[in-house]
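K.L.:
The following block contains a protein sequence and its predicted model.
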Amino acid sequence: AQRVTQPEKLLSVFKGAPVELKCNYSYSGSPELFWYVQYSRQRLQLLLRHISRESIKGFTADLNKGETSFHLKKPFAQEEDSAMYYCALRGAAGNKLTFGGGTRVLVKP
Amino acid sequence: DTGVSQNPRHKITKRGQNVTFRCDPISEHNRLYWYRQTLGQGPEFLTYFQNEAQLEKSRLLSDRFSAERPKGSFSTLEIQRTEQGDSAMYLCASSPVGEQFFGPGTRLTVL
């Protein structure tokens, strides 16, 4: 079985402060991990995936297989980062995504 | 707009009625997915098509739910004898291989 846990429902930070969204997963094989973002009144869209190892909009995420984590980080949050963030996993043999419950990020001015 | 489209965007129905939702994927994408999202939760996988073949179904998809993709293009999701617990956002996504592109969703409210 595959499972994704996002322990924080809400993260509230001030503009310019660092932000870290936690994601832990449970999967017996080698998964692909993703972060999806949903801005207000917009559809769900891919933010980044672990295999590309790139930084998108200043966000980075590192897959830690030992800790089964894929935390999302940004050193200096901006107001436009306010959104819902979902961590998702795709198993090695599958196509479906398993999502966490989501974390709402609120960046205050 | 060349993205995934879903219709209707909102549907209000009475318990016991049947409803049907449509998803039009991005034209060159052969894979199509349905997810359901309830308030405060992340999306949950319902079913997956590759071209016209339905290759995977979640146990969440009870026998009241049926999905089709008859010509490997658009897909429909039908819910028969709706229940209040069916109230949710129904999301469709499509992909070539890899990244899934999501539609805006259909919000179903069962009274």
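P.N.:
Great, that's in hand. Numbers count the residues shown, from 1 in each chain, chains lettered A, B, ... in the order given.
K.L.:
mind listing the strands for the chain?
P.N.:
All of this is about chain A. Here chain A has its strands, by DSSP state E, at A:3-5, A:10-14, A:19-21, A:24-26, A:32-38, A:45-49, A:60-61, A:72-74, A:83-90, A:98-99, A:103-108.
K.L.:
try chain B instead
P.N.:
Along chain B, counting by DSSP E, strands occupy B:5-7, B:10-13, B:19-24, B:31-37, B:44-50, B:53-57, B:65-68, B:75-79, B:88-95, B:101-102, B:106-110.
K.L.:
Of those strands, which is nearest residue A:31?
P.N.:
Closest of the strands of chain B to residue A:31 is strand B:44-50, at 14.4 Å (criterion: C-beta to C-beta). C-beta coordinates here come from the backbone N, C-alpha and C atoms, glycine included.
K.L.:
ok, that closest one near chain A or not?
P.N.:
Yes. On the criterion C-beta under 8 Å from any C-beta of the partner chain, strand B:44-50 is in touch with chain A at B:44, B:45, B:48, B:50.
K.L.:
Restricted to buried residues, select these in PyMOL.
P.N.:
In PyMOL, this line selects whichever of those come out buried by 16 or more other C-beta atoms under 10 Å in any protein chain shown:
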select buried, chain B and resi 44+45+48
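K.L.:
Nearest to residue A:39 among the residues of strand B:44-50 next to chain A?
P.N.:
Distance to residue A:39 across those (C-beta to C-beta) is lowest for residue B:44, with 21.4 Å.
K.L.:
so the closest one makes contact with residue B:59?
P.N.:
No. Residue B:44 lies out of contact with residue B:59 (C-beta atoms under 8 Å); the separation is 10.7 Å.
K.L.:
related to what we said a few turns ago, show me which pair in the residues of strand B:44-50 next to chain A is furthest apart.
P.N.:
Maximum distance among these (C-beta to C-beta): 19.9 Å, for B:44 and B:50.
K.L.:
For chain A, what's its nearest residue on chain B.
P.N.:
The minimum distance from chain B to chain A, using C-beta to the nearest C-beta, falls at residue B:42 (3.3 Å).
K.L.:
and the residue lying closest to that residue once chain neighbours are set aside, bridged to which residues?
P.N.:
Distances taken as C-beta to C-beta, 6 or more residues apart in numbering or on different chains place residue A:99 nearest to residue B:42, at 3.3 Å, with adjacent residues excluded. Counting by DSSP bridges, residue A:99 is bridged to residue A:88.
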